[in-house]
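Q: okay, here's the prediction I keep looking at, along with the sequence it came from:
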Amino acid sequence: MPLSHNASIRAAAATRVVERMMRNQPGHRGRWTGRGGQSDKWVELKDALAPGGHATAHPRDWDGSAWVTDTTASREIEVYDEIGTCRGRGKGTYSSPHDAGSIARVRLNTQSSRWEIVDLQPNALLITGLATAAVASTDSTFTIDGVTVMNPSGGLICDTDPAAAITVYNVHSWDADDDARVEAAWNETTDHWEALQVTCPA
């Protein structure tokens with residue numbers, strides 16, 4: 001049943017009271033700049049970022065029609081992954097068309113005076129490609145090329161040049177023909193790609 005007009009007014013007022021109380025909690029006020037003093041920035045990573053680490057980043061500015069990365073050295077900032085969930089690629093690490101760095105939204109924490117990552121373009125977690133040679137079950141690794149990111153949407157391959165052959169660990173002892181279709185997943189614990197599925201040999 002929908003709320004009456006008076007009940008709606010009371011509910012809205014109660015919500016505002018709770019919000020004020022939360023803002024006044026110790027440790028809450030002043031931690032991040034917020035509404036009215038919002039200091040979120042869009043940046044592009046200059047350097048690679050590992051989970052829990054920090055990296056130099058270039059600011060991105062709106063020019064009236066698009067976001068543009070400013071590589072002026074004096075405007076660079078250091079950004080931090082405080083909760084250890086971000087892996088990013090540095091700008092210019094690889095050649096075009098894979099030369100873009102990971103895009104991030106960062107926010108100034110006024111307690112630590114650090115720019116903390118709020119959102120980051122995701123690291124690729126699932127890819128598919130073709131075996132560059134026949135694979136034997138005894139091979140510990142093999143390589144694939146013609147790689148496509150399957151998941152997540154917008155994911156970047158951060159650990160190696162996407163245009164080059166990518167090393168995949170043969171943890172399930174697959175046999176495969178040359179040019180066999182391979183699905184591989186990123187193992188965050190070991191920092192490498194592992195073959196999940198391979199087209200059966202002829």
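A: On my side now, so go ahead. Numbers count the residues shown, from 1 in each chain.
Q: the nearest residue to Trp62 once chain neighbours are set aside: neighbour count?
A: Excluding its sequence neighbours, the residue lying closest to Trp62 (Cβ to Cβ, 6 or more residues apart in numbering) is Val68, at 7.8 Å. Every residue, glycine included, has its C-beta placed from N, CA and C. By other Cβ atoms under 10 Å, 12 other residues sit near Val68.
Q: by contact count, what packs against the host helix or strand of Val68?
A: For Val68, the enclosing helix or strand under DSSP states H and E is strand 67-69. With contacts taken as 3 or more Cβ pairs under 8 Å, 6 or more residues apart in numbering; DSSP states H and E, strand 67-69 sits against strand 54-62.
Q: switch the cut-off to 10 Å
A: strand 41-45, strand 54-62 (3 or more Cβ pairs under 10 Å, 6 or more residues apart in numbering; DSSP states H and E).
Q: redo the ones you listed as CSV? Include mean neighbour count, mean pLDDT and distance to Asp81.
A: Formatted as CSV, these follow (neighbours: other Cβ atoms under 10 Å; pLDDT from 0 to 100; distance: least, Cβ to Cβ, whole Å):
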stretch, mean neighbour count, mean pLDDT, distance to Asp81
strand 41-45, 22, 97, 11
strand 54-62, 18, 97, 7
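Q: tell me who's in contact with the closest residue in space to Thr71 that isn't next to it in sequence.
A: Distances taken as Cβ to Cβ, 6+ apart put His58 closest to Thr71, at 5.3 Å, once the chain neighbours are dropped. By Cβ atoms under 10 Å, 6 or more residues apart in numbering, the contact list for His58 reads 42-46, 69-73, 75-77, 91, 101.
Q: repeat for Leu126
A: 148-152, 155, 183-186, 193, 196.
Q: ramachandran angles for the spatially most central residue of the chain?
A: By Cα atoms, centre = their mean, the mean C-alpha position of the chain lies nearest to Pro122, the distance being 2.6 Å. Dihedral angles of Pro122 (phi, psi; degrees, to the nearest 10) stand at phi -70, psi 150.
Q: check the one 10 residues further on too.
A: The phi/psi pair for Thr132 (degrees, to the nearest 10) reads phi -80, psi -10.
Q: which residues does Glu78 contact?
A: 46-47, 54-57, 106, 114-115.
Q: again, but for Ile117
A: Contacts of Ile117 (Cβ under 10 Å, 6+ apart): 43, 45, 49, 54-55, 57, 79-83, 85-86, 88, 102, 104-107.
Q: if you set the cut-off to 8 Å instead, what comes out?
A: Contacts for Ile117 (Cβ atoms under 8 Å, 6 or more residues apart in numbering) come out as 79-82, 86, 104-106.
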